[in-house]
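> quick one: sequence and predicted model below, then my questions.
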Amino acid sequence: MADHFSTAIDSLIAPARLAFAIVPADTSDLPQYTKAIYVGTGGDIALRAVGSDEDVVLRNVASGSVLAIRVAALRQTGTTASDIVGLA
């Protein structure tokens, strides 16, 4: 299949080129930073943003939300949301 945008320069505001399932983990970071995350089933999300020194909890995130946040780690403890996809 032809990709008419294969030579386009990627940036933080460009659409994501990669989507990957996120499995929350308390002791490891994501395999790569995200541009955004998609939340399939809503709830709380405990994460560490790129450039942050501490984890934060985003409360009551709605199902189907796309959050424009660069995530370095998504923690199991404190996360009740599920079906989370990293967009990079």
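Here it is on my side, so go on. Numbers count the residues shown, from 1 in each chain.

> all strands for the chain, in order.
Listed in chain order, the strands of the chain (DSSP state E) span 19-21, 36-41, 43-49, 56-61, 65-67, 71-75, 82-87.

> mind checking how far the longest one is from the chain centre?
Strand 43-49 sits 9 Å away from the centroid of its parent chain (C-alpha atoms, centre = their mean, to the nearest Å).

> mind putting the strands of the chain in TSV, distance to M1 included?
Where you see a C-beta, it was placed from the backbone N, CA and C, and this is true even at glycine. Below are the strands of the chain laid out as TSV (distance: least, C-beta to C-beta, whole Å):
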stretch	distance to M1
strand 19-21	17
strand 36-41	23
strand 43-49	34
strand 56-61	33
strand 65-67	25
strand 71-75	29
strand 82-87	20
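
> return the most buried member of the ones you listed.
Most buried of the strands of the chain, by mean neighbour count (mean count of other C-beta atoms under 10 Å): strand 71-75, with a mean of 21.

> no more questions from me, cheers.
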